[in-house]
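Q: Generate coordinates for the sequence data below:
(4 chains)
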There are 4 protein chains.
Amino acid sequence: METTVFEEFESNVRSYCRKYPVIFSKAKGSLLIDQNGIEYIDFLCGAGSCNYGHNNDYIKEKVIEYLQSDGLVHGLDMYSIAKGEFIQFMQKNILQPRGLNYKVLFPGPTGTNAVEAALKIARKAKGRSNVLALMGGFHGMTLGALALTTERSAREACGVALGNVTHVPHPTMMKNLDTIEYIDMILSDDHSGVDKPAAIILESVQGEGGINIVSDQWLRDIRALCDKHDMLLILDEIQTGCGRTGAFFSFERGGIVPDIVVMAKSLGGIGMPCSIALVKPEYDVLAPGEHNGTFRGFQLSFVAGKAALEFMLREHVIEETVRKGKIVQDYLAANLPLIDPDLNFRGLGLMWGIDCGAYPAGTAQQIRHLCFENRLIIELSGREDSVVKLMPALTTDDATLMQGLEIVRNAVTQVITAAVASQATGEEPDNNKSFA
Amino acid sequence: METTVFEEFESNVRSYCRKYPVIFSKAKGSLLIDQNGIEYIDFLCGAGSCNYGHNNDYIKEKVIEYLQSDGLVHGLDMYSIAKGEFIQFMQKNILQPRGLNYKVLFPGPTGTNAVEAALKIARKAKGRSNVLALMGGFHGMTLGALALTTERSAREACGVALGNVTHVPHPTMMKNLDTIEYIDMILSDDHSGVDKPAAIILESVQGEGGINIVSDQWLRDIRALCDKHDMLLILDEIQTGCGRTGAFFSFERGGIVPDIVVMAKSLGGIGMPCSIALVKPEYDVLAPGEHNGTFRGFQLSFVAGKAALEFMLREHVIEETVRKGKIVQDYLAANLPLIDPDLNFRGLGLMWGIDCGAYPAGTAQQIRHLCFENRLIIELSGREDSVVKLMPALTTDDATLMQGLEIVRNAVTQVITAAVASQATGEEPDNNKSFA
Amino acid sequence: METTVFEEFESNVRSYCRKYPVIFSKAKGSLLIDQNGIEYIDFLCGAGSCNYGHNNDYIKEKVIEYLQSDGLVHGLDMYSIAKGEFIQFMQKNILQPRGLNYKVLFPGPTGTNAVEAALKIARKAKGRSNVLALMGGFHGMTLGALALTTERSAREACGVALGNVTHVPHPTMMKNLDTIEYIDMILSDDHSGVDKPAAIILESVQGEGGINIVSDQWLRDIRALCDKHDMLLILDEIQTGCGRTGAFFSFERGGIVPDIVVMAKSLGGIGMPCSIALVKPEYDVLAPGEHNGTFRGFQLSFVAGKAALEFMLREHVIEETVRKGKIVQDYLAANLPLIDPDLNFRGLGLMWGIDCGAYPAGTAQQIRHLCFENRLIIELSGREDSVVKLMPALTTDDATLMQGLEIVRNAVTQVITAAVASQATGEEPDNNKSFA
Amino acid sequence: METTVFEEFESNVRSYCRKYPVIFSKAKGSLLIDQNGIEYIDFLCGAGSCNYGHNNDYIKEKVIEYLQSDGLVHGLDMYSIAKGEFIQFMQKNILQPRGLNYKVLFPGPTGTNAVEAALKIARKAKGRSNVLALMGGFHGMTLGALALTTERSAREACGVALGNVTHVPHPTMMKNLDTIEYIDMILSDDHSGVDKPAAIILESVQGEGGINIVSDQWLRDIRALCDKHDMLLILDEIQTGCGRTGAFFSFERGGIVPDIVVMAKSLGGIGMPCSIALVKPEYDVLAPGEHNGTFRGFQLSFVAGKAALEFMLREHVIEETVRKGKIVQDYLAANLPLIDPDLNFRGLGLMWGIDCGAYPAGTAQQIRHLCFENRLIIELSGREDSVVKLMPALTTDDATLMQGLEIVRNAVTQVITAAVASQATGEEPDNNKSFA
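A: I've put the predicted structure just below:
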């Protein structure tokens, strides 16, 4: 197949394909395979949707069996065996062991549906329209979620003013700014112009925003602020959930209990569209049908989702994630300072970022391109796409992980060394090729 | 399994399950099968998502084969064989034969994503924020789409004011109101208070709104109005598309070409989450990434979607839909007037409604309940859920279709006869049981 | 003085001066007098602010006396003798004789302040944000009021989307459209997309909209609809009040009692900025300070306002308005059909419009220009400024009134005759000069 | 007159009268006089509208003469001698000597009209809807201005979500927060969620917000930020203008030139409703009529306004303000620390605040009440009304100024001493009487 089919017939809005201009055909575990059989190590991982590896055999077999048995595929929100088993398994094996008491709401097949549902719940429960969100956050592209999302180009493209949201700075953004104190101030102050919010929504590690991590203490502090100001705490675990950060929920490290948790991406096991909102019973205020969606009962997701949880527990995926996260951390700590002592990197579990914001524009793009040439798929995130984002499957074997890390190191070495040299001499590095 | 698992752990927002309180396990063709093996004829059809029958073997086998071959499942908007083949097949076999020149945009896995993307496109293309929508319309539940959707309870539940949309009356709503003239007036009048719109969005047959059909001429007239007032015509074919009304697109009967077409539901073949926006090239204005979504590249949908189109063409599903639609129409025309000469019914293809709005509240609910007791799954729509909606799979065999129709007739006979009798005597019919 | 001072130093937004490009110096009764002593009969009347004549001696003397006695001029909303006397006089002589029980709210010095306050009251009282307004209506230029106002250019200029208002058609806009039935339908229909409103606001005669009159019965019907749908009825009497239509309030002819009445313009007697909202006690829900404004206690307006009411009662201004209104009506009825039998005119009291909408663009502008050349100041209103608006002071003596009417008739004759002739021949009339 | 007339017939929204429950009759210079002839020193000064003293004889005589000569009172935006002379005088004597090149726009009679016009201009000029405003700011009560205003109770009362404004912290709000850096960050950051603004609006000294002063350097810095980020700088000089801070415009101390300046209050000389927006010619983008208002041409304001400027210049009011400001400053500095070394006070020119925010709730209210009992009218501002605000007329003679200051000192002494004592002992001070 030629890429012309896409260039001619697919909308210009397509994006990832421009960065990896080959045609993919298959995928297995940590590998993406193009139509010519060329294998790429996948550090993008479906933007966090394939934590358990592409075509994970355990999960996939459950799906195939289900299909072969003519199991119900499309169930709206009717009662079904597949959904019932998913709910039961999650309650018994995920929520109850953590002491969490949530109702499960199926808002539609994708993360933005869950965010929209969470907003409705919070606003209805509190009778207020304003919601706080963190700068740098990404929560989806439908208008309710987009009002939370901070990426300027996406906001501007929608053609309407996005309202009912107040953005507050992320604790990593400004030295000397105590963001808890700041948020407390604008909520306490009767002249802040910030309308009393129904909720605050946040990612404990911002994925698209550039791997920005709030501390465990900050999580506890924001929980306390929510109680003080009578607003709901909504944790967006769409990208961070399902073990990515070394715990099933990324908020566990803070020892807190959010009022609403939104999940999607790896929830569907092998890339099946699935999202949920977990809601404290006292906030389960939407009446029947007040939120709905045609694909909120896609049963293959429930089958795959349950299988994924089984797999995760049986294979100790979370413990493995912690272990492999340490590998990544040690590798970066050992290698990156050799390239540039000021090169910033950060992460949690298997979610890491190398921050190239201090180098000339295009640096991260060049690194991504070099990685791709060396058969590693890796994505950028953050301000002006300046953070190289490492998100291997949690099931990646150690050898493949190391191989990927080495490709990254080599690309970073080559590009950053040139950048540093050119900054020293005042010359432009040779990164004027466009890899947008 | 007991239903208590849902009652205890699933959000109160669940809705369909309250109407059919059994637990479904399997589905095949036109049948839904509960955990006890009891079969129900399905006239709900996944709200139009299962036009080709549950677990359609042809489609299902393609999906299983693809999974077994470790085909890429989750592809974001990278190039892939599955997507390329879907696009090519649709271009060659659906669009080109109809003389339609559209770019295909993959906005996410569900209809509301496509509606949100269409709104962004229209607003950006025209530089205006207002959009017209028809009263009675349903276009989704995320905030952008919800602003178009007219169902009052869903609107009120969202907790914010929904803006940038002007609702105009549907041509079936008021006798003596020429809605084309009305819309022309409010757009021409420099004192109407209606801000110049970027687009109008409409369903040629309103599904959730109560099977309200605009005429072929009305479609041509609104197309002309769009040209006159420089606004885009967006056809929401989410429920009406994929053959449901006796043509692939429901707008074909008008001989018009919309500027944007949004599709979902049966596009994914066997209930796979999939949606697209078809956009005239000149309006393909979103820059790369200005709209996105994690599951916009769910490859199983592309595999199933292509297979579904193949199946549809090979099995002459559209022609069959026309033929079976005539069966339904003839059956209703022969039977309903015997129950009550004033009993209104209407439809197109295999999308029909029996309007119980003239009878006491609860009438349609009682009919649905009786049908369910007789093992037919059927849904309501329209104002105060007063329209019984018949949407069998397009592949339903004639015998099953007749069996379903007879269950409907019997239920309608029983309930309406009682309602008419009680209206005559002034007594309340015995429909005070709550089936909401 | 040269007009260059304005052309150089005043904002381009200035408007009336472009139509009457002379510099005014004095004014008395029905006359405006320019710096060269040239007198113009005033049929514009400060857009309805000078009902009792420019520099009405009775009113003016009260103001001068008050100033000479060092009476408080600026009082915020402190208690003052001037305000107390105004309130008492209005209660005793205007409200009580009509059986009206209203609280008086002073929202600021101008009509738009009163409209904004009325909106706040209605929204707070009913806990809903949507408000209905009539197409063609003008209610002010600040953002809350502007959302109600229908003039497209003013709406577009504000640079934001105007929300929380639904515009409904005026009964004069479409033949065969029963607007009461229409409004009832969109409020009753649970799928209209029109959110339940807190109120409807309307002018019983639209001034800026083109002298569009709702019938007495329509007033009663809308009052009944407000009761049925639990929304407040807000009458905008800013231009129609203070006797303009032949009653103190223009709604009196309907025998109805609005929930809120907003007034301004002639309330200040001789052009003093003053506005009030009259509010039924049960809707007087704003807490102290929830609406305010620096000039809500401009005491000269209270002094002038009370004097104006005294003058109005003593001089039987309302009865005189009825009598003079008949003179205008008879004159137009006798003369206009001679020019063109289809020439439409309409009015109430001393508020009349000659509708040139059927003639080529520019017709009304040419009439205004000819009137000005003949020393009559007259304004346009309505769609594309096509309605010539006659609003003499209510105190205009009969001779001056006739003189003005003759100037109008002559201008209309000259312009319309040419327009009719050119329409007959298909030629363009000579009105291509720009008088915008 | 009894106050029952107000209690029975005036809206509950009235506010100041509750604090000074006497009925005022006359006013002269720095004195307010009630109906019983009791004189109160006025440190409220019409919220800054009576800078030149009540019934200033020079100004008042000009108004009376004008009225006696039958000068045009109500002129819409027609050309008039009074307006022309006002514009000319302001251009020649105020703007040109300061090197300022502005068009004068007359937006209506009150400050909020000017703010609304400024917003329209900025949004139209830049084609963006977002506007920045400072926390603590007060800019008016109509919906456009109210979105800028930060007072929570006023915002909540309006019943709609206020949009298109981002509030940023005032430099005095948080230690260690460099607000210029913060604003620069949120505007530079492509992931801040703050949409690119058309403008920032600010008061160089916040009046209602509690006498919060930005530094001269901050003014220069924000001017530079506006240039960097292509947004307009709007100075709200409604309360600070006309000499109040010791310069005609309060921004002069920064040596900056705003793009738009809005003025009202003392512009009308003796409390006449008048407001203007001064607009750089390149931003004078509103087309004729795109903003208007019935009382935008209240000629008595122009007459009084010109006379006020003449008086101000002739009597060296600004220089006197500087001198008297020093008296106030010295007095407070000499006396307040004796009461409590931590007692914060601040101000500029003749605009001062004593901050009681550190004492128990009700402290400032008690001070105001004691002052009133001692015949001084003084108002509160700021967070929870905790700042006692001293705003004497600029023309107050030194003896009266000292008399007023002594009343303040005595009240502060009595109340704060009790508060400090009770804080030390842990007892509640005796301020539980409600003076709200």
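Q: what's the burial count for the nearest residue to residue A:315 once chain neighbours are set aside?
A: Spatial nearest neighbour of residue A:315, excluding adjacent residues (Cβ to Cβ, 6 or more residues apart in numbering or on different chains): residue A:395 at 7.4 Å. Every C-beta, even on glycine, is put in place using the N, C-alpha and C of the backbone. Counted by other Cβ atoms under 10 Å in any protein chain shown, the residues lying close to residue A:395 total 23.
Q: Next up, phi/psi of residue A:395, please.
A: phi -100, psi 0 (degrees, to the nearest 10).
Q: In contact with it, which residues?
A: Applying Cβ atoms under 8 Å, 6 or more residues apart in numbering or on different chains, we find residue A:395 in contact with A:29-30, A:51-53, A:56, A:315, A:317, A:320.
Q: and the closest residue to residue A:328 other than its chain neighbours, helix, strand or coil?
A: Among residues not flanking residue A:328 along the chain, residue A:352 sits closest, at 5.6 Å (Cβ to Cβ, 6+ apart). Secondary structure assignment for residue A:352 (DSSP: H, G, I helix; E, B strand; the rest coil): strand.
Q: Roughly how far does residue A:352 sit from residue A:327?
A: Separation of residue A:352 from residue A:327 (Cβ to Cβ, to the nearest Å): 11 Å.
Q: Could you do residue A:131 as well?
A: 38 Å.
Q: ok, the two, which is more surrounded?
A: Taking other Cβ under 10 Å, residue A:131 and residue A:327 do not tie; residue A:131 has more neighbours (27 against 14).
Q: And that one, which helix or strand is it part of?
A: Mapping residue A:131 onto the secondary structure by DSSP states H and E places it in strand A:130-134.
Q: Same question for residue A:122.
A: Secondary-structure assignment from DSSP H and E places residue A:122 in helix A:111-126.
Q: Which elements pack onto that helix?
A: The contact analysis (3 or more Cβ pairs under 8 Å, 6 or more residues apart in numbering or on different chains; DSSP states H and E) places helix A:111-126 against strand A:103-105, strand A:130-134, helix A:143-146, strand A:197-202, strand A:232-236, strand A:260-263, strand A:276-279.
Q: report the longest helix in chain A, please.
A: helix A:398-425 (DSSP state H).
Q: Tell me the gap between it and the middle of its chain.
A: Mean-position distance between helix A:398-425 and its chain equals 24 Å (Cα atoms, centre = their mean, to the nearest Å).
Q: Remind me what it packs against, helices and strands.
A: Checked by 3+ Cβ pairs under 8 Å, 6+ apart, helix A:398-425 has strand A:39-42, helix A:317-339, helix A:363-373, strand A:376-377, strand A:387-390 packed alongside it.
Q: can you list the weak-confidence ranges in the stretch 201-350 of chain A?
A: The model of the stretch 201-350 of chain A has no residue with pLDDT under 70.
Q: Return the nearest residue of it with respect to chain D.
A: Taking Cβ to the nearest Cβ, chain D has its nearest neighbour within the stretch 201-350 of chain A at residue A:209, 5.7 Å off.
Q: where's that residue relative to residue A:149, distance?
A: 10 Å.
Q: Domain map for chain A?
A: Chain A breaks down into these domains under automatic domain parsing: A:4-55+A:316-425, A:72-314.
Q: ok, and which of the ones you listed has the densest surroundings?
A: domain A:72-314 (a mean of 24; mean count of other Cβ atoms under 10 Å in any protein chain shown).
Q: How far does that one stretch from one end to the other?
A: 27 Å (Cα to Cα, to the nearest Å).
Q: any idea whether the closest residue to residue A:384 other than its chain neighbours is helix, strand or coil?
A: Leaving aside its sequence neighbours, residue A:384 sits nearest to residue D:190 (Cβ to Cβ, 6+ apart; 5.9 Å). Counting by three-state DSSP, the backbone at residue D:190 sits in coil.
Q: Could you tell me the phi and psi values at residue D:190?
A: On the backbone of residue D:190 - angles per degrees, to the nearest 10 - the values are phi -80, psi 10.
Q: residue contacts, it?
A: A:151-153, A:383-384.
Q: can you rerun that using 6 Å?
A: Contact analysis of residue D:190 by Cβ atoms under 6 Å, 6 or more residues apart in numbering or on different chains lists A:152, A:383-384.
Q: Pick out whichever of these sits closest to residue C:303.
A: The shortest approach to residue C:303 among these belongs to residue A:152, at 54.9 Å (Cβ to Cβ).
Q: ok, the nearest residue to that closest one once chain neighbours are set aside to chain B distance?
A: Distances taken as Cβ to Cβ, 6+ apart put residue D:190 closest to residue A:152, at 4.5 Å, once the chain neighbours are dropped. Using Cβ to the nearest Cβ, to the nearest Å, we find residue D:190 at a distance of 12 Å from chain B.
Q: so what's residue D:190 scoring on pLDDT?
A: Reading off the confidence values, residue D:190 has pLDDT 95.
Q: ditto for residue A:396
A: 98.
Q: same for the helix or strand encompassing residue A:67, what does it pack against?
A: Residue A:67 is part of helix A:57-68, with elements assigned from DSSP H and E. Applying 3 or more Cβ pairs under 6 Å, 6 or more residues apart in numbering or on different chains; DSSP states H and E, we find helix A:57-68 packed against helix A:299-314, helix B:57-68.
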